[in-house]
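A.B. asks: return a 3D structure for these sequence lines:
(chains A, B, C and D)
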Number of protein chains: 2
Amino acid sequence: MPSKLFVSAQEVAEKAGVSRSAVSRTFTPGASVSADTRRRVLEAAEALGYHVNHLARGLMRNESGIVCLIVSDVATPYRSALLRELTIQLQNAGKVAMFVNTDRSDGSVDRALQQAIRYRADASIILSGLPDKSITQLCLRSGQRLVLINRDDDQPGPLKINLDDYESGGRIATAFVRAGCKRLAFANSEAGTPSLMGRERGFIAAATKLGLEVVVERYGSTGYEAGRVLAQRMLTRAERPDGVFCATDLLACGFMDAARHQFGLSIPDQLCVAGFDDIEQASWSSFNLTTFAQPVMAIATRAVKWLATGGHEDEPEEAHSVRLKAELIWRGSIRKG
Amino acid sequence: MPSKLFVSAQEVAEKAGVSRSAVSRTFTPGASVSADTRRRVLEAAEALGYHVNHLARGLMRNESGIVCLIVSDVATPYRSALLRELTIQLQNAGKVAMFVNTDRSDGSVDRALQQAIRYRADASIILSGLPDKSITQLCLRSGQRLVLINRDDDQPGPLKINLDDYESGGRIATAFVRAGCKRLAFANSEAGTPSLMGRERGFIAAATKLGLEVVVERYGSTGYEAGRVLAQRMLTRAERPDGVFCATDLLACGFMDAARHQFGLSIPDQLCVAGFDDIEQASWSSFNLTTFAQPVMAIATRAVKWLATGGHEDEPEEAHSVRLKAELIWRGSIRKG
DNA sequence: TTGCGGATTGCACGCAAGTGCAAGTCGATG
DNA sequence: CATCGACTTGCACTTGCGTGCAATCCGCAA
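C.D. replies: Modelled structure (predicted):
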């Protein structure tokens, strides 16, 4: 129970000796107020510690300024980097970020979106999971904008930002072959998201075209521990792979650590490794990992710009789908060709 | 411009053939509604896709359900882990997290708090920086609760959660001495926050008592790169240290990487290292770092519980200050004593 | 049938803002 | 001095919701 409540425009008006409308107009850009009234209002507001109530303003304007970020595994390096960029850019665009965590349970994303609706978020950005069509439709009907990042989905309406996962898989396969690798492998998680599967398929397709087979293992999540397990499984094979593409950098870190410390392998001499995401740890000298950089900045910029300019429904559907390129960052985990 | 707006309680009422009050009461726990009306309202709401407008509800109840998290460097492993725990627990407590990024600029935290006030957040949790007293007072006067995490501050009112940084510094000094280290060093950042300085002072005090001097270097931020630079500075000294306590795990990771790959030192044989935070990377086999675990879960639990129960102003001031213990996690970067 | 108690319902008001409209102010011009 | 026009100002209504109060309904006992 707060003993004293927030200051209202009414109180400011009384202190400044003007009407409440004048206060309202003072804080509304473009409204008509004389310089004198404005000054008196601002002084009174400053003295009382008045701040416009965005809840009420949002109610009137039907525009809350809130953008809802729907994510799982926030503590993951790649996720947190993207989140950081998104929140900063949203802030610069005059929006405020609301956070909803999801887990792997069914309907988790749907509940998150309902939360967004309850707070009348102007938009929701979905980084994890995929909402049910009915909820998506409800959001769009309600005038809420939707951005799906790396979430392959074909519904019209939301802005979809994706990477060239398939092509990246192909590019890295070529790199392995140039480095003289003979036995390629792909280390994936069991998550089976479109991004991960795209990398896998692209890698296999390109390798096949180059005349090499690819051993594929899938295990666990996309994290470090799963990478270790995958290494244990793959490096004990009779035909030990000498070129491994890991679906994420975290998998690659776990894989490399196990390869070096458990199997005593030297990277890149005996084993070439590549990852995906370009998390900060990839550049650490313990890993020095060749990997694809998620264009985090570009993703955030596209998303926020689209939200800010308020792309219309009548714009062509192509404009709702963006494919960005993941840049290959050369480091030392693959031999020079 | 949304073509269609959100569904209002009025529309639901009309469709269900009841008054708007009935709709409102249906969604208010404990209110008096007959089972029949309730059912009809719920059906209509479901059909129309109605969700209570929390902006309006917050306006009425003077309780928005929003908790504002004020942070810088979100993408840092320790920060993102804490953030994850906080958001999840807030969510479980029926609150929703709002996110405000701060930078190092003056007044950045103050602006963040003003944002919290504008959205009538029930509380703000500050993880970075320290707000001006006047703003703090305004928040408290307005009935907003405040939690300061690892932010040494002596104002009454906010809940302050801190660690036993000083004592931890002492504990690790003892461990170094047991391991036979003769030349201790403390690698710190220039940030100079109370937590970092507490670790430094505690470490020096204990070492001095044990008859050892401590070389201290401070450089840059608390990140990996700063750790590398610190290693370069410290490991080129005539009297090379053989036991280094790094103020954070990231510093330690950078330090270890430089020590091994640039100076060819073997850890823990030639050099013992300890860190602080217990980020995920500390447990990776490349680092296997002995470190102090931030009780992330406990911190979040305390903060959220305090917010949920709504501790009163008339409770004793001691209840507003919590000191948690950082647990020493033994791994392989310090020799066994 | 009447009276009574309890549960349910609707009306109307309030929360804190934004805004159209009409009234008011002021200076300049004819 | 009257008239015009530009600029300000305040009134009143609106947004979506919660809730006190009074009215209504129902069942049951007298």
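
A.B. asks: what's the nearest residue in the stretch 101-250 of chain A when you look at chain B?
C.D. replies: Among all residues of the stretch 101-250 of chain A, residue A:143 sits closest to chain B, at 2.1 Å; criterion: C-beta to the nearest C-beta. Backbone N, C-alpha and C define where each C-beta goes, glycine included.

A.B. asks: verify the stated contact: residue A:282 with residue A:273.
C.D. replies: No - using C-beta atoms under 8 Å, residue A:282 and residue A:273 do not qualify as a contacting pair, with a distance of 10.5 Å.

A.B. asks: who touches both of these two?
C.D. replies: Shared contacts of residue A:282 and residue A:273 (C-beta atoms under 8 Å, 6 or more residues apart in numbering or on different chains): A:252, A:289.

A.B. asks: pick out the residue of the stretch 51-200 of chain A closest to DNA strand C.
C.D. replies: With C-beta to the nearest atom of the strand, the shortest gap between the stretch 51-200 of chain A and DNA strand C falls at residue A:53, namely 3.2 Å.

A.B. asks: that residue and DNA strand D, how far apart?
C.D. replies: Counting by C-beta to the nearest atom of the strand, to the nearest Å, the separation of residue A:53 from DNA strand D is 11 Å.

A.B. asks: ok, that residue touching residue B:59?
C.D. replies: Yes - assessed by C-beta under 8 Å, residue A:53 is found in contact with residue B:59 at 7.5 Å.

A.B. asks: compute the first-to-last residue distance for stretch A:209-217.
C.D. replies: With C-alpha to C-alpha, to the nearest Å as the measure, the ends of stretch A:209-217 fall 20 Å from one another.

A.B. asks: quick one, helices of chain A?
C.D. replies: The residue ranges that make up the helices of chain A, judged by DSSP state H, are A:9-16, A:20-26, A:35-48, A:54-61, A:77-92, A:108-118, A:133-141, A:165-178, A:194-209, A:224-235, A:249-261, A:296-309.

A.B. asks: could these be laid out in JSON lines, adding mean pLDDT?
C.D. replies: JSON lines is the format used below for the helices of chain A (pLDDT from 0 to 100):
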{"stretch": "helix A:9-16", "mean pLDDT": "92"}
{"stretch": "helix A:20-26", "mean pLDDT": "94"}
{"stretch": "helix A:35-48", "mean pLDDT": "92"}
{"stretch": "helix A:54-61", "mean pLDDT": "94"}
{"stretch": "helix A:77-92", "mean pLDDT": "96"}
{"stretch": "helix A:108-118", "mean pLDDT": "94"}
{"stretch": "helix A:133-141", "mean pLDDT": "90"}
{"stretch": "helix A:165-178", "mean pLDDT": "96"}
{"stretch": "helix A:194-209", "mean pLDDT": "96"}
{"stretch": "helix A:224-235", "mean pLDDT": "97"}
{"stretch": "helix A:249-261", "mean pLDDT": "98"}
{"stretch": "helix A:296-309", "mean pLDDT": "93"}
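
A.B. asks: of those helices, which is nearest residue B:163?
C.D. replies: Using C-beta to C-beta as the criterion, the shortest distance between residue B:163 and those is 21.9 Å, found for helix A:77-92.

A.B. asks: tell me how far the residue in the stretch 51-200 of chain A that DNA strand D sits nearest to lies from residue A:12.
C.D. replies: Of all residues in the stretch 51-200 of chain A, residue A:59 sits closest to DNA strand D, with a separation of 4.0 Å (C-beta to the nearest atom of the strand). Using C-beta to C-beta, to the nearest Å, one gets 19 Å for the distance from residue A:59 to residue A:12.

A.B. asks: between those two, which has more neighbouring residues?
C.D. replies: The residue with the greater number of neighbours, taking residue A:59 and residue A:12 and applying other C-beta atoms under 10 Å in any protein chain shown, is residue A:12; the counts read 27 against 17.

A.B. asks: ok, that one touching residue A:46?
C.D. replies: No - counting by C-beta under 8 Å, residue A:12 sits too far from residue A:46 to count as a contact (9.6 Å).

A.B. asks: which residues touch the residue nearest to residue A:139 when sequence neighbours are not counted?
C.D. replies: Computed as C-beta to C-beta, 6 or more residues apart in numbering or on different chains, the closest residue to residue A:139 that is not its neighbour in sequence is residue A:146, at 5.7 Å. Contacts for residue A:146 were tallied using C-beta under 8 Å, 6+ apart; they are A:123, A:124, A:125, A:126, A:136, A:139, A:140, A:157, A:158, A:159.

A.B. asks: one step back: out of the helices of chain A, which is the most enclosed?
C.D. replies: Burial of the helices of chain A is given as mean neighbour count (mean count of other C-beta atoms under 10 Å in any protein chain shown); helix A:249-261 ranks first at a mean of 25.

A.B. asks: what's the angle from that one to helix A:194-209?
C.D. replies: Using axes from the mean of the first three to the mean of the last three C-alpha atoms, to 10 degrees, the interaxial angle of helix A:249-261 with respect to helix A:194-209 works out to 60 degrees.

A.B. asks: give me the helices and strands touching helix A:249-261, please.
C.D. replies: helix A:77-92, strand A:184-188, helix A:224-235, strand A:243-246, strand A:272-277 (3 or more C-beta pairs under 8 Å, 6 or more residues apart in numbering or on different chains; DSSP states H and E).
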